[in-house]
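In: build me a model:
(one chain, ligands or ions: 1)
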Amino acid sequence: MDEKKTIFSGVQPSGNITLGNYLGAIKNWVNLQEEYRCIYAMMDLHAITVRQNPQELRKRTLDLLKIYIACGIDPEKSLLFIQSQVPHHAQLAWVLNCYTYMGELSRMTQFKDKSSKHADNINAGLFTYPVLMASDILLYQADLVPVGKDQMQHIEITRDIAERFNGVYCQEGNPVFKIPEGFMPKAGAKVMSLTEPTKKMSKSDENPKAYISLLDDLSVIEKKIKSAVTDSEGVIEYRPDDDAKAGINNLLTIMSAVTGKDIDKIVAEYQGKGYGDFKKDVAEAVVEEIRPIRARYDELSNDKQYLVDICEKGAIEASKIAGRTLSKVYKKVGFVQ
Ligand code: TYM
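Out: Numbering: from 1, shown residues only. I've put the predicted structure just below:
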C-alpha cells in the first residue's frame with residue numbers, strides 16, 4: 001500500500017491562466033510532489049458552467065496541461081488527467097447532489113459573483129458546481145487540497161457533504177470519505193487585480209491589464225506591473241485592512257510569494273524608496289519567475305501526442321482510484337451492482 005498522503009487539485013481551462021492561479025495554487029503543487037501522492041486535473045466539466053467556445057475549450061484544456069508541466073509538475077511523479085475523461089466525477093456528483101441542501105449552495109460567494117456576472121445564464125450547473133468539486137476531491141480520498149483563498153468555502157462545503165454522507169451510512173466506523181483539508185500558500189493565496197486592487201485577479205476579467213497571464217510576453221508583464229494602480233501616499237507599507245493601500249499590499253504580496261521573503265523584510269528594504277523603484281523590482285522578480293516557465297511551455301508546444309498520451313494514461317489510472325470510491329458509495333446507497 002502507498003503510505004503517502006494524497007493531494008488533489010485542479011484549475012478550470014476557462015481563460016488565461018494568471019499569476020493568481022500560479023501563486024495561489026500551481027506553485028504550491030510543485031513543492032508537494034516529493035512528499036505526497038499528487039493528482040492534478042484540468043477541470044473542464046466546471047468550465048462549462050459559463051458558456052465556452054468548444055474549439056477554444058479543447059485547446060485551452062491541453063494548453064493548461066502544458067502550463068502544469070511547464071510550471072514544474074512532473075507527469076512521472078504526479079497523476080494528470082482531464083476531468084471529463086473520468087466519468088466517475090459526474091456520477092458521484094449526482095449522488096452527492098442528493099446529500100446537499102439548496103440553502104448551503106445558495107450561500108456560496110462564487111455562485112453569487114458568477115450569477116451576477118452572467119445574469120442571462122444562471123444555470124443549475126453553476127448552482128451545483130461545489131457538489132462537483134466535492135466529488136472531485138472525495139473520489140480520490142484526498143487529505144489535502146492546495147487552493148487559493150477563493151476556493152476555501154468550497155472545501156468547507158466538501159467537508160460538510162462528506163461528513164453528512166459518512167454520518168448517514170458509516171456509523172460503525174470505516175467512513176466512505178476521508179475528510180479533506182484546504183491548504184493555502186503563506187503568501188499569494190489571494191492575488192488582486194492590478195487595475196482594481198480590491199478585486200481578485202481573475203482569468204475571466206475583461207480588462208487584460210487587470211491580470212498577468214503566464215503566457216503574456218515578458219515585456220507585457222513588465223509593463224502591466226509598472227502601471228499597476230497604487231495610491232498617492234508614496235509610502236511602501238503593508239496595511240492589509242486598508243483598502244486605500246490595496247495596490248501596494250498586492251504588490252508586496254506578489255513580491256513575497258515570488259521571492260519567498262517575508263513581507264516585513266521587503267517593507268524594510270524599501271524604506272524611503274519610491275513606488276517607481278519598487279514596481280521595477282517587482283516586475284523584474286515576476287519576469288524572472290515566469291521566464292523559465294515560458295521557455296518550457298514553448299518547448300512543449302509542438303508535441304500534442306505527448307500531451308494526449310499523458311491524458312489517456314492519466315484517465316485510466318484516475319478511473320481506477322475513483323472507481324473504488326464510487327463503488328463503495330453505490331453499495332452504501334443501495335444500487336444493485
Ligand atoms: P480556478 O480555476 O478559478 O482557479 C484555480 C486555482 O487558482 C486559485 N486562484 C487564485 N489564487 C490566488 N489569487 C487569485 N487571484 C486566484 N484566482 C484563482 C484558485 O483558488 C484555485 O486554487 N473550482 C476550482 C477548480 C476546481 C478544483 C476542484 C480545485 C474544480 N474542482 C477540486 C480543487 C479541487 C476553480 O474554479 O478554480
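In: does the closest residue to residue 36 other than its chain neighbours sit in a helix, a strand or a coil?
Out: Counting by Cβ to Cβ, 6 or more residues apart in numbering, residue 7 is the residue found nearest to residue 36 once chain neighbours are left out, at 4.5 Å. C-beta here means a position set from N, CA and C on the backbone, and glycine is covered the same way. Using DSSP: H, G, I helix; E, B strand; the rest coil, the structure places residue 7 in strand.
In: which single residue of the stretch 101-250 of the chain ends up nearest the ligand?
Out: Across the stretch 101-250 of the chain, no residue is closer to the ligand than residue 148, which sits at 2.4 Å (Cβ to the nearest ligand atom).
In: I'd guessed that residue sits against residue 25; true?
Out: Yes. Counting by Cβ atoms under 8 Å, residue 148 touches residue 25, with 5.6 Å between them.
In: common neighbours of those two, please.
Out: Common contacts of residue 148 and residue 25 (Cβ atoms under 8 Å, 6 or more residues apart in numbering): none found.
In: if we can go back for a sec, the residue nearest to residue 36 bridge partners, please.
Out: In this entry, residue 7 is beta-bridged to residue 38, residue 144, by DSSP bridges.
In: how much space is there between it and the ligand?
Out: Using Cβ to the nearest ligand atom, to the nearest Å, we find residue 7 at a distance of 10 Å from the ligand.
In: and the strand or helix carrying residue 254, what does it pack onto?
Out: Assignment of secondary structure by DSSP states H and E places residue 254 within helix 246-259. Contact here means 3 or more Cβ pairs under 8 Å, 6 or more residues apart in numbering; DSSP states H and E; on that basis helix 246-259 packs against helix 263-269, helix 275-300.
In: make JSON lines out of those and add mean pLDDT and distance to residue 168.
Out: Compiled in JSON lines, the helices and strands packed on helix 246-259 are given as follows (pLDDT from 0 to 100; distance: least, Cβ to Cβ, whole Å):
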{"stretch": "helix 263-269", "mean pLDDT": "97", "distance to residue 168": "45"}
{"stretch": "helix 275-300", "mean pLDDT": "97", "distance to residue 168": "45"}
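In: can you name the residues of the protein that neighbour the ligand?
Out: Those residues of the chain that sit near the ligand, judged by Cβ under 6 Å from any ligand atom, are 8-12, 20-21, 23-25, 43, 46, 133, 136-137, 145, 147-148, 150-151, 188-191, 200-201.
In: next step: these restricted to strands.
Out: Assigned to strands by DSSP state E, the following of these qualify: 8-11, 145.
In: residue 190 and residue 262, how far apart?
Out: Here the criterion is Cβ to Cβ, to the nearest Å. By it, residue 190 lies 17 Å from residue 262.
In: out of these two, which sits in the busier spot?
Out: It is residue 190, of residue 190 and residue 262, that has more neighbours when counted by other Cβ atoms under 10 Å, with 18 against 12.
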